[in-house]
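Q: Let me see the structure of the following:
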Amino acid sequence: MGVVSPLGSTVDDLWLNLTSGASGVRRISYFDPSGFTSQIAAEVIGFEPTDYIEKKELRRMDLAQQYAIVAGDQAVAMAGLKSEDLDLDRCGVVIGSGIGGIATFEKQHALLLESGPNRVSPFFIPMMIADMCAGLISIRLGYRGPNYATVSACSSSGHAICDAARIIQRGEADVMVTGGSEAAITPTSLAGFCQAKALSTRNDDPTHASRPFDTGRDGFVIGEGAGIVVLEEYEYAKARGAMMFGELLGAGMSADAYHITAPHPEGVGARRAMESAIRDAGIGIADVNYVNTHGTSTGLGDIAEAKAIRKVFGDHADKLPCNSTKSMVGHLLGAAGAVELITSMLQIKHGKIHPTTNLENPDPECDLDFVPEGVRDHAITYGLSNSFGFGGHNISIIFGPVR
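A: Numbering: from 1, shown residues only. Now for the predicted structure:
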C-alpha cells in the first residue's frame, strides 16, 4: 500500500494521525480563497516529490500524477515487487481520477488567453488527461498488462480497484497496481463546488468542518492525495512469500439513475451495491462486522447512506460499527475509495478502528454506531467499504483478513 494524504504521505503517518483523531483540514494556502464561500480544504502538506521523481520530470507532470507516482512507488516497494522477477506482460495498472489534471488545465488556459497558442506547453494534454496517472506508472514500472483509467467522480478509485480484481479473476494478470489520485484544490474546482452548494462553509472552524452524520454538517470538505494498492492473485502472492494485509473478497456496483448530484433519498442504489458485494463475496449479511462509510458530511448523502445500511442489514445494523475516514482527511474525490480501503487494511492489521470525529450531535435519521468516542478495539472479520459519486455511481467492496 502507498498513500499521499492530508494526514501524512506514508502509510504509517496516516495511521498515527487517524488514531489520534487529527484533522487535515485548514484554510486554503494554495491561493487566496477570500472570495469563495468555502475557504477551507484538506491539503497535502510537506509533500516532497523530489525524493521519488527527478526535477525535470516533475515539470512535465500535474500534481495528481505526482501523487499517484509517489504512492505507487511506496506500494510496489512495500510489496517487494522487482521487475526482473516478474512476467511484465501479466502486470497491469488501473488508476482512477475523478477530475484529472485540472490545475494544469487552468494554468495552460490562462497562458492561451494571455499570450496566445504558441505559449501553451507541448505537455499540456498528457499532463491534463485523467488516464495519465495509470500511463506514467505503467511506463515507470514497465508493466505491459491491462492499463487504463476509471472516471466515475468520487467512485473512481473504488471502480479501479474492483476492475483490477476482476482482471486478476479473469486470469489476465497476476499483479495489478491500482487505486486513485486527485489534486483538485484549485480556484475553478473550488468555485464549481461552491456554486453547487456542496462544500462546508465553516471557515472559522476548519478542523470541525467535516462532521459526517452530525446535525451540524453543512457540506463536505474538499481534499486531495492518492491511495495505491497492489493486488495479486492469492496463490501467486503466496508462492512468492508476499506480505499480505488482507483479501479483496467481492464488489458490487449500481446506479441511482436519479439525479446528477443528489443521491436517491432512500439510498436505493447504495443498497443494491452493498447487497451485490455481499453476494459476490459469498457471505451472509450477519458476517459483515464493519463498514467504512462514504460518509461525506453532506445533508442528503449521509441520510441516504445510513438508510441504505439499515435496509441492507436490518437488526444486524445495531451491532455494526461504522466510521467515516473523511471526518479527518476530508473528501479526496476520486482518490477517496482507495485511501479508505488502505485505512481499512490498517484497521485489520492493528485490530482497531478509528473514530468518526466531530460527531457531537448525531442526526436521528442516521441511527447507526459511528464510533464517536475514539479508537475502538475491534477485530474485522468481513468489512465493507462504500464509495458513491456524482452521476449516481455506486461501488461497494468487501474485504477481510487473509485466511
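Q: going forward, measure contacts and count neighbours with C-alpha atoms only.
A: OK.
Q: which stretches of the chain form helices?
A: 11-19, 55-58, 63-79, 102-115, 124-128, 132-141, 156-169, 187-195, 234-239, 268-281, 299-313, 326-329, 336-350 (DSSP state H).
Q: Need the winner for burial among the ones you listed.
A: Most buried of those by mean neighbour count (mean count of other C-alpha atoms under 10 Å) is helix 326-329; its value is a mean of 30.
Q: Just the CA atoms of that helix, as CSV, please.
A: Output of helix 326-329 as CSV, limited to C-alpha atoms (Å, rounded to 0.1, in the frame of the first residue of the first chain):
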residue,chain,number,x,y,z
LYS,A,326,-13.5,11.7,5.7
SER,A,327,-14.2,13.2,9.1
MET,A,328,-10.4,13.7,9.3
VAL,A,329,-9.0,13.7,5.8
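Q: so how far is that helix from its chain's centroid?
A: From the chain centre to the centre of helix 326-329 is a distance of 11 Å (C-alpha atoms, centre = their mean, to the nearest Å).
Q: helices or strands up against that helix?
A: Judged by 3 or more C-alpha pairs under 8 Å, 6 or more residues apart in numbering; DSSP states H and E, helix 326-329 is in contact with no other helix or strand.
Q: Report the mean per-residue pLDDT for it.
A: Averaged across helix 326-329, the pLDDT comes to 98.
Q: which residues are in contact with that helix?
A: The contact list for helix 326-329 (C-alpha atoms under 8 Å, 6 or more residues apart in numbering) reads 5-7, 18, 21-25, 42, 210-212, 223, 294-297, 356-358.
Q: Out of the helices of the chain, which gets nearest to Pro372?
A: Ranking the helices of the chain by distance to Pro372, with C-alpha to C-alpha as the measure, places helix 326-329 first at 10.6 Å.
Q: what's the closest non-adjacent residue to Gly301?
A: Excluding the flanking residues, the one nearest Gly301 by C-alpha to C-alpha, 6 or more residues apart in numbering is Pro263, at 6.1 Å.
Q: Check the gap between Leu124 and Gly179 for me.
A: Just to correct that, residue 124 is Phe rather than Leu. 24 Å (C-alpha to C-alpha, to the nearest Å).
Q: Likewise for Ala226?
A: For Ala226, the distance to Gly179 - C-alpha to C-alpha - is 8 Å.
Q: quick revisit: check contacts around the residue nearest to Gly301.
A: Contacts of Pro263 by C-alpha under 8 Å, 6+ apart are 256, 300-301, 304, 392.
Q: Tell me which stretches of the stretch 151-300 of the chain form strands.
A: Applying DSSP state E, counting those that start in this stretch to the stretch 151-300 of the chain gives strands spanning 175-182, 225-232, 247-255, 290-292.
Q: what separates the worst-scoring helix or strand of the chain on mean pLDDT from the chain centre, distance-wise?
A: Here the helix or strand of the chain ranked lowest by mean pLDDT, DSSP states H and E is helix 55-58, holding a mean of 94. Offset of helix 55-58 from its chain centre (C-alpha atoms, centre = their mean): 26 Å.
Q: Number the chain from 129, please
A: Will do, 129 is the new start, and the previous item becomes helix 183-186.
Q: So which elements touch it?
A: Taking 3+ C-alpha pairs under 8 Å, 6+ apart as the contact cut, helix 183-186 packs with no helix or strand.
Q: can I get the CA coordinates of it in CSV?
A: C-alpha atoms of helix 183-186 as CSV (Å, rounded to 0.1, in the frame of the first residue of the first chain):
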residue,chain,number,x,y,z
LYS,A,183,13.0,17.7,-11.1
LYS,A,184,13.0,17.6,-15.0
GLU,A,185,10.2,15.0,-14.9
LEU,A,186,8.2,17.0,-12.3
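Q: Quick check: the residue nearest the centre of the chain vs Gly263, distance?
A: What sits nearest the mean C-alpha location of the chain, by C-alpha atoms, centre = their mean, is Ala464, with 1.7 Å. Distance, Ala464 to Gly263, by C-alpha to C-alpha: 20 Å.
Q: again, but for Met206
A: 21 Å.
Q: returning to what we had before: can you lay out the helices of the chain as TSV showing distance to Lys447?
A: As requested, the helices of the chain are arranged in TSV below (distance: least, C-alpha to C-alpha, whole Å):
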stretch	distance to Lys447
helix 139-147	22
helix 183-186	48
helix 191-207	34
helix 230-243	42
helix 252-256	45
helix 260-269	39
helix 284-297	25
helix 315-323	36
helix 362-367	31
helix 396-409	17
helix 427-441	10
helix 454-457	21
helix 464-478	18
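Q: coming back round to it: find the residues that touch each one of Ala354 and Gly307.
A: Joint contacts of Ala354 and Gly307 (C-alpha under 8 Å, 6+ apart) are 463, 466-467.
Q: Stretch 275-282: which residues count as buried?
A: Residues 275-282 are the ones in stretch 275-282 that count as buried (16 or more other C-alpha atoms under 10 Å).
Q: ok, residues contacting that stretch?
A: 220-227, 258-263, 266, 284-285, 287-288, 460-465, 515-519, 521.
Q: how does it look with 6 Å?
A: 220-226, 259, 262, 284, 288, 461-462, 516-518 (C-alpha atoms under 6 Å, 6 or more residues apart in numbering).
Q: Among those, which lie within strands?
A: 220-224, 516-517 (DSSP state E).
Q: Now neighbour count and pLDDT too, for those residues, in JSON lines please.
A: Below are the ones in strands among the contacts of stretch 275-282 laid out as JSON lines (neighbours: other C-alpha atoms under 10 Å; pLDDT from 0 to 100):
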{"residue": "Gly220", "neighbour count": "28", "pLDDT": "98"}
{"residue": "Val221", "neighbour count": "29", "pLDDT": "98"}
{"residue": "Val222", "neighbour count": "30", "pLDDT": "98"}
{"residue": "Ile223", "neighbour count": "38", "pLDDT": "98"}
{"residue": "Gly224", "neighbour count": "38", "pLDDT": "98"}
{"residue": "Phe516", "neighbour count": "33", "pLDDT": "98"}
{"residue": "Gly517", "neighbour count": "23", "pLDDT": "98"}
